[in-house]
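Trainee: here's my sequence, what's the structure:
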Amino acid sequence: MKRLYFIGVSTASSGIMTIFPAWAEALGLSAQMHGVDLPVAARPDDVRAVIDTLAADPSAAGALVTTHKAAVWDHAASRFSVLDSWSQLCREISCIAVREEGLIGWAKDPITARQAYTHLLGEDPWRGGERDVVCLGAGGAGLALATALLNGADQPRRVVLVDRNPQRLAVSREALSELQIRAELELVEISDPQQAGALVSASAEGSLIVNATGMGKDLPGSPIGPDVQFPRGAVTWDLNYRGELAFLDIARAQEAERGLIVADGWRYFLHGWTEVIAEVFGIEMSPAVFTSLASIAGMVSGREVGRDAVSRG
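Mentor: Sure, this is the predicted structure:
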């Protein structure tokens, strides 16, 4: 039986631990999940040790990496035989396959972010260039989202990437400089939730406001304070689907009054996992197959089939 490694922070708490066996049965895979937990700020040697263990495990088919995808790039990229263009642009590795020629790495987040926001906002959400995007967090998920937003013919009117870490902003600036950007791009260093909230409050009506910080799941709290006032008609999207989800609580408190669309990261989670499973096990992830797997995940997890935790004020 093959093993799919899941490299994260609190893997036992993830819904994938109960969902994957049902998916494996539906797909005819002889495979099981193997969770590996590392602290958020894992030591470089520990990151390399996990990748070396994966490469040496004859039962390993590959891995999905969550919180540490940038760390795998930073500290273990030399262990890989092939890295795709997205991983080289975003400086992260989120999908790993074990092949005869060695480890193959991909960055899947730019793809899955586009899949998820298209489901949330509709096809061609940036046509006309009238929407703004404020992304709180410029780490792996935030940078991947920014590359997805700024890599097409149609782009938002304005993209604001916010982080408390100047190094992450510098990496984002360098990576995004390789794209043909037509949107107004701002990279803003903010560590205070009140300041971040003020930036959100000043955004245009109908903006997409994203929590890509990991706060509310891997880290406690929210990147914005409770006194923030979301723009009218804003779409508030937390990339987390589990944890305290404080960001979503703040948004839901204003949902009716401000006419917000409020969504968690469930759909993003499903696209992330199905893309990796397709790559690692050589499965064609057609829309019909994805819909079937999403339905199975909904039943196993207790979520309503077809529900992505989206609410509209």
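
Trainee: contacts for stretch 24-35?
Mentor: Contact partners of stretch 24-35, identified using C-beta atoms under 8 Å, 6 or more residues apart in numbering, comprise 1-6, 8, 11-12, 14, 16-17, 20-21, 23, 60-61, 277, 281, 283, 292-293, 296. C-beta here means a position set from N, CA and C on the backbone, and glycine is covered the same way.

Trainee: all strands of the stretch 101-250 of the chain, in order?
Mentor: 102-106, 132-136, 158-163, 184-189, 208-211, 235-238 (DSSP state E, counting those that start in this stretch).

Trainee: out of those, which is closest to I250?
Mentor: strand 235-238 (8.4 Å; C-beta to C-beta).

Trainee: hang on, the earlier thing: now a ChimeraX select for only the buried ones of the contacts of stretch 24-35.
Mentor: Listed next is the ChimeraX selection for buried residues among the contacts of stretch 24-35, using 16 or more other C-beta atoms under 10 Å:
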select :2,3,4,5,6,8,11,14,16,20,23,60,61,277,281,293,296
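
Trainee: narrow the contacts of stretch 24-35 to those in helices?
Mentor: Counting by DSSP state H, these place 16-17, 20-21, 23, 277, 281, 292-293, 296 in helices.

Trainee: out of the residues you listed, which one sits closest to L136?
Mentor: Nearest to L136 among those is I16, at 24.7 Å by C-beta to C-beta.

Trainee: now that closest one: closest residue in space that isn't a chain neighbour?
Mentor: In this structure, I16 finds its nearest non-sequential neighbour in W273, 5.9 Å apart by C-beta to C-beta, 6 or more residues apart in numbering.

Trainee: what about that neighbour, neighbour count?
Mentor: Neighbour count of W273, defined by other C-beta atoms under 10 Å: 23.

Trainee: give me the domain ranges for this structure.
Mentor: The chain breaks down by automatic domain parsing into domains covering 2-107+268-312, 111-266.

Trainee: of the ones you listed, which stretch is the most buried?
Mentor: Of the domains of the chain, the one with the most neighbours on average (mean count of other C-beta atoms under 10 Å) is domain 111-266, at a mean of 20.

Trainee: and that one, average pLDDT?
Mentor: Averaged across domain 111-266, the pLDDT comes to 93.

Trainee: next: stretch 17-37.
Mentor: Model confidence over stretch 17-37, given as mean pLDDT, is 97.

Trainee: with stretch 44-55 instead?
Mentor: Taken as a whole, stretch 44-55 has a mean pLDDT of 98.

Trainee: can you give me the offset of it from its chain's centre?
Mentor: 22 Å (C-alpha atoms, centre = their mean, to the nearest Å).

Trainee: just give the nearest non-adjacent residue to P125, would you?
Mentor: In space, and not counting its chain neighbours, P125 is closest to R131: 6.5 Å by C-beta to C-beta, 6+ apart.

Trainee: what sits against the one you found?
Mentor: 125, 156-157, 206-208.

Trainee: and it, how far from V188?
Mentor: 18 Å (C-beta to C-beta, to the nearest Å).

Trainee: from the ones in helices among the contacts of stretch 24-35, which single one is nearest R252?
Mentor: Closest approach between the ones in helices among the contacts of stretch 24-35 and R252, by C-beta to C-beta: I16, at 25.0 Å.

Trainee: measure V72 to V36 for me?
Mentor: V72 is 12 Å from V36, by C-beta to C-beta.

Trainee: residues shared between the contacts of those two?
Mentor: Both V72 and V36 are in contact with I7, where contact means C-beta under 8 Å, 6+ apart.

Trainee: what pLDDT does the model give T11?
Mentor: 94.

Trainee: beta-bridge partners for the closest residue to it other than its chain neighbours, please?
Mentor: Once flanking residues are discounted, T11 sits nearest to G35: 3.1 Å by C-beta to C-beta, 6+ apart. In this entry, G35 is beta-bridged to F6, by DSSP bridges.
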